[in-house]
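Asker: when you get a sec, could you give me coordinates for this:
(3 chains)
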Amino acid sequence: MNRAENPKSDPGNLFPGRILRWYASRKRDLPWRRTKDPYRVWISEIMLQQTTVGVVIPRYHEWLAAYPDLDSLAKAPLRKVLKSWEGLGYYQRARNLHRAAGLIVRDCGGRFPRDTEGLAGLPGFGSYTASAVASICFSRPVPVVEANVRRVMMRMLGIQGRGGPAVDARIRRFLEGAISRRSPGNFNQAMMEWGALVCRPKNPFCLRCPGRALCRAYARGEQEVIPAPKTLRAERLQAVVAVLRNGGRVLIQKRPEKGLLAGLWEFPGGKVEPGETLRTALARELKEELGLGLASVRPFATVRHAYTRYLVTLHAFEAKPAGGLNAVRPGNRPVRWVAVKSLDRYPFPSGSLQIVRLLQSE
DNA sequence: AATCCGGGGGA
DNA sequence: TCCCCAGGATT
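Answerer: A predicted model of the protein is given here:
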């Protein structure tokens, strides 16, 4: 084992001493760092999954205003919880928050489990979140491995490639020997802050890095190519949706409870197949979903938004069905006529939300 | 180990 | 336009 892989022989006392001191002087003042309340820390950890700090900060405050404690979250209806999550993506996170809150209230007397194993049994608590809450709130000496820590340690240890479960396990073993016993929560946050502020994905600040002297990637000039970039390209696709009006109301339908954007609401429509025009695609979707023939269409708006690996151009049309509105024959999915003003009560994916906003600004 | 699951912001 | 983000669950 080379020197950098053995935290016991760490000549400059980089782990944990220098990292903790670096953190104490350079850390950002983030709202969730002002508390050890497991409820608040938990909310922040879930929101921060695959979501940037700048996006989370306002949403964190709004969430705590709506659900100040575990009990208020557990008692809230799921639709309201999903509405509160609107725009954050990965909506399973909101469902798991709601479920876990109910479980903690019901099975744990409203107290969070205080160790990693107990926490890991709750929905939405994976290895990262369980260790984060256990270390930050309950001072358990368990390291976390997420995107920042993975990048920092792959560079420090000179591990090439994209990383994966095996690399994470190796990093975790290293950090189990390096973590501060006295302030494991601060140590974990220090590692993440190191990755966020200094050991950034692109243009890392190597010259001001506390670990430069021990960094194998820096020694080899490989800091820009570790970790290796993912090579997944976004696929473009076109979609059409119909705004069906009935007086002041419009028709929306609920997506299935599983899969993409589960349980959210949207306007009827769907993907444009190869060879179709927008109009023929809309006619086909309205026939499939609502049993409607299409009498006339008028362009309403075009918006773009990103799905997981799709970049969608969403064409909305104001549509009049053949046979009038009484001809609507819904399929399996719940359908509602909702006053434009009341669309605020329903959770929509971001693309559909843009259409909602345009309707409400008319 | 590979995929699915969103959306926003920065470069 | 492309890349990445305080991951979890499923297969």
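
Asker: ok, the nearest residue to A:Val149 once chain neighbours are set aside - how many residues close by?
Answerer: Distances taken as C-beta to C-beta, 6 or more residues apart in numbering put A:Met191 closest to A:Val149, at 4.8 Å, once the chain neighbours are dropped. All C-beta spots, glycine's among them, are computed from the backbone N, C-alpha and C. Around A:Met191 sit 27 other residues, with neighbours defined as other C-beta atoms under 10 Å.

Asker: same thing with the one 3 residues further on?
Answerer: With neighbours defined by other C-beta under 10 Å, the count for A:Trp194 comes to 25.

Asker: the helix or strand hosting it close to DNA strand B?
Answerer: Element membership of A:Trp194 [criterion: DSSP states H and E] is helix A:184-197. No: judged by C-beta under 7 Å from any atom of the strand, helix A:184-197 stays clear of DNA strand B, getting no closer than 11.9 Å.

Asker: so how far is that helix from its chain's centroid?
Answerer: A distance of 20 Å separates the centroid of the chain from that of helix A:184-197, by C-alpha atoms, centre = their mean, to the nearest Å.

Asker: go on, stretch A:256-270?
Answerer: Centroid separation between stretch A:256-270 and its chain, computed with C-alpha atoms, centre = their mean, is 18 Å.

Asker: so is that stretch next to DNA strand B?
Answerer: Yes: contact between stretch A:256-270 and DNA strand B, assessed by C-beta under 7 Å from any atom of the strand, occurs at A:259-262.

Asker: tell me the spacing between the residue nearest to A:Val149 and A:Arg18.
Answerer: 12 Å (C-beta to C-beta, to the nearest Å).

Asker: now A:Glu288
Answerer: Relative to A:Arg18, and taking C-beta to C-beta, A:Glu288 is found at 62 Å.

Asker: the two - which one has more neighbours?
Answerer: Between A:Glu288 and A:Arg18, counted using other C-beta under 10 Å, A:Arg18 has the larger neighbour count: 15 against 12.

Asker: which element is A:Arg236 on?
Answerer: strand A:235-246.

Asker: off-centre distance for the helix or strand just after that strand?
Answerer: Of the helices and strands lying after strand A:235-246 in sequence (DSSP H and E), the nearest is strand A:249-254. Remark: strand A:249-254 is offset 26 Å from the chain centroid, using C-alpha atoms, centre = their mean.

Asker: likewise for stretch A:326-340?
Answerer: That offset, for stretch A:326-340, works out to 30 Å (C-alpha atoms, centre = their mean).

Asker: so what touches that stretch?
Answerer: A:244, A:246, A:248-256, A:288-293, A:321, A:345-346, A:359-360, A:362 (C-beta atoms under 8 Å, 6 or more residues apart in numbering).

Asker: helices of the stretch 1-150 of chain A, start to end?
Answerer: A:19-26, A:38-47, A:53-66, A:70-75, A:78-85, A:92-107, A:116-120, A:127-138, A:147-157 (DSSP state H, counting those that start in this stretch).

Asker: is it possible to export those to CSV including mean pLDDT, mean neighbour count and distance to A:Lys341?
Answerer: Output for these, formatted as CSV (pLDDT from 0 to 100; neighbours: other C-beta atoms under 10 Å; distance: least, C-beta to C-beta, whole Å):
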stretch, mean pLDDT, mean neighbour count, distance to A:Lys341
helix A:19-26, 97, 16, 47
helix A:38-47, 98, 22, 29
helix A:53-66, 98, 14, 20
helix A:70-75, 98, 17, 26
helix A:78-85, 98, 18, 15
helix A:92-107, 98, 18, 24
helix A:116-120, 98, 17, 42
helix A:127-138, 98, 23, 38
helix A:147-157, 98, 22, 41
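
Asker: so where's the stretch 101-250 of chain A uncertain?
Answerer: Within the stretch 101-250 of chain A, the ranges that satisfy pLDDT under 70 run A:232-233.

Asker: what about the residue of the stretch 101-250 of chain A found nearest DNA strand C, distance to A:Ile19?
Answerer: At 2.4 Å from DNA strand C, A:Gly126 is the closest residue in the stretch 101-250 of chain A, using C-beta to the nearest atom of the strand. Look at A:Gly126 and A:Ile19: by C-beta to C-beta, they are 24 Å apart.

Asker: equivalent analysis for A:Leu358, please.
Answerer: 49 Å.

Asker: now A:Ala316
Answerer: 51 Å.

Asker: also A:Tyr39?
Answerer: A:Tyr39 is 28 Å from A:Ile19, by C-beta to C-beta.

Asker: and if you look at A:Gln253?
Answerer: 52 Å.

Asker: swap in A:Gly109?
Answerer: From A:Gly109 across to A:Ile19, the span is 37 Å (C-beta to C-beta).

Asker: just A:Cys215 next, same as before
Answerer: Separation of A:Cys215 from A:Ile19 (C-beta to C-beta) stands at 13 Å.

Asker: name the residue of chain A that lies nearest to DNA strand B.
Answerer: Counting by C-beta to the nearest atom of the strand, chain A gets nearest DNA strand B through A:Gly89, at 2.5 Å.

Asker: name the residues of the stretch 151-300 of chain A found near DNA strand B, please.
Answerer: A:164-166, A:202, A:259-262.

Asker: at 10 Å what do you get?
Answerer: Taking C-beta under 10 Å from any atom of the strand as the contact definition, the stretch 151-300 of chain A meets DNA strand B at A:161-169, A:200-203, A:230, A:232, A:234, A:255-256, A:258-264, A:266.

Asker: what's the ChimeraX line that selects buried ones from those residues?
Answerer: Those of these that count as buried under 16 or more other C-beta atoms under 10 Å are selected in ChimeraX with:
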select /A:163,167,168,255,261,263,264,266
